[in-house]
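Visitor: one predicted model, sequence on top.
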Amino acid sequence: SQKIEQNSEALNIQEGKTATLTCNYTNYSPAYLQWYRQDPGRGPVFLLLIRENEKEKRKERLKVTFDTTLKQSLFHITASQPADSATYLCALIHQTGANNLFFGTGTRLTVIP
Amino acid sequence: KAGVTQTPRYLIKTRGQQVTLSCSPISGHRSVSWYQQTPGQGLQFLFEYFSETQRNKGNFPGRFSGRQFSNSRSEMNVSTLELGDSALYLCASSLWSPGILEGYTFGSGTRLTVV
């Protein structure tokens, strides 16, 4: 079965710096990889989606890269702010007819003022 | 537009009881998925419905069931509750196939505590 690792359970970073979160997966490659943000007691909020044939995607201060050779996605938040503090989840879906996302366990990001 | 609405927000049940959770997706969304979130296991897929049909099911016992109505609203039911069923249950909707093109929209979840 697919295994997804977000190899930092928690990450502390100084305000203004770039936060980089990592998502690694095993087994078969996903067709799509997504990143979500989750605040305590709330449901995840969709941030970005990247397809297997895309190397990079950007949205405002967010950037996602997707390396199918390394089986890894990196999620960057530039000029980080305390309001960026949250848990970030990566999720992937395979184009095999399965209709569900596999989620990683998340990285809790704290941006220190 | 209104988001995904889950009711109730909090629920306390006793072992052995059964519970029904409700989810109203975004208007026009036909795919509804359910996830269980616990600190140890993270988000785990329960099942997905599209146009009243269950298209996919996760690795959960038969005590967990669901259904979708013609207006796309969905319910999930857990029978014979166990302490380990305590979790945040999240519903997510999307227009077509779950999350492929536009990502899921999640509700705020139902926090179920089994005592």
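Guide: Perfect, thanks for sending it.
Visitor: how about the helices in the chain?
Guide: Looking at chain A here, since you left the chain open. Ranges of helices in chain A, per DSSP state H: none exist.
Visitor: actually it's chain B I care about, not the one you picked
Guide: For chain B, applying DSSP H gives no helices.
Visitor: low pLDDT regions in it?
Guide: Low-confidence segments of chain B, defined by pLDDT under 70: B:1, B:97-101.
Visitor: what sits closest to the residue most central in space within it if chain neighbours are left out?
Guide: The centroid of chain B falls nearest to residue B:34 when counting by CA atoms, centre = their mean (3.1 Å). Leaving out its chain neighbours, the residue that sits closest to residue B:34 by CB to CB, 6 or more residues apart in numbering or on different chains is residue B:46, at 4.1 Å. Using the backbone N, CA and C atoms, a C-beta is placed for each residue, glycine as well.
Visitor: just give me the neighbour total for the one you found.
Guide: Residues near residue B:46, counting by other CB atoms under 10 Å in any protein chain shown, number 22.
Visitor: can you count the residues close to residue 56?
Guide: Picking chain A for this. Neighbours of residue A:56 (other CB under 10 Å): 12.
Visitor: my bad, the chain I had in mind was chain B
Guide: That count, for residue B:56 with other CB under 10 Å as the rule, works out to 16.
Visitor: what's across from it in the sheet?
Guide: With DSSP bridges as the criterion, residue B:56 is bridged to residue B:48.
Visitor: residues in contact with the residue nearest to the centre of chain B?
Guide: B:23, B:45, B:46, B:47, B:48, B:66, B:74, B:76, B:89, B:90, B:91, B:92 (CB atoms under 8 Å, 6 or more residues apart in numbering or on different chains).
Visitor: touching, the fifth one and residue B:31? I think so.
Guide: Yep, that's residue B:48 we're talking about. Yes - under the criterion of CB atoms under 8 Å, residue B:48 makes contact with residue B:31 at 6.5 Å.
Visitor: more neighbours, those two?
Guide: Taking other CB under 10 Å, residue B:48 and residue B:31 do not tie; residue B:48 has more neighbours (27 against 24).
Visitor: check contacts around the more buried one.
Guide: With the criterion set at CB under 8 Å, 6+ apart, residue B:48 makes contact with A:99, A:100, B:31, B:32, B:33, B:34, B:54, B:55, B:56, B:57, B:98.
Visitor: quick check: pLDDT value at the first one.
Guide: Looking back up the chat, that one is residue A:99. Looking at residue A:99, its pLDDT stands at 61.
Visitor: who in chain B is up against chain A?
Guide: With the criterion set to CB under 8 Å from any CB of the partner chain, chain B comes near chain A through B:4, B:31, B:33, B:35, B:42-45, B:48, B:50, B:55-56, B:58, B:90, B:92, B:97-109, B:111.
Visitor: relative to residue A:49, which of the contacts of residue B:48 is nearest.
Guide: residue B:98 (12.0 Å; CB to CB).
Visitor: so which residues of chain B form strands?
Guide: Along chain B, counting by DSSP state E, strands occupy B:5-7, B:10-13, B:19-24, B:31-38, B:42-50, B:53-57, B:64-68, B:74-78, B:87-94, B:105-106, B:110-114.
Visitor: the worst-scoring helix or strand of chain A on mean pLDDT: partners in the sheet, and parallel or antiparallel?
Guide: Lowest by mean pLDDT, DSSP states H and E among the helices and strands of chain A is strand A:4-5, with a mean of 86. Strand A:4-5 sits in its sheet next to strand A:19-25 (antiparallel), going by DSSP bridges.
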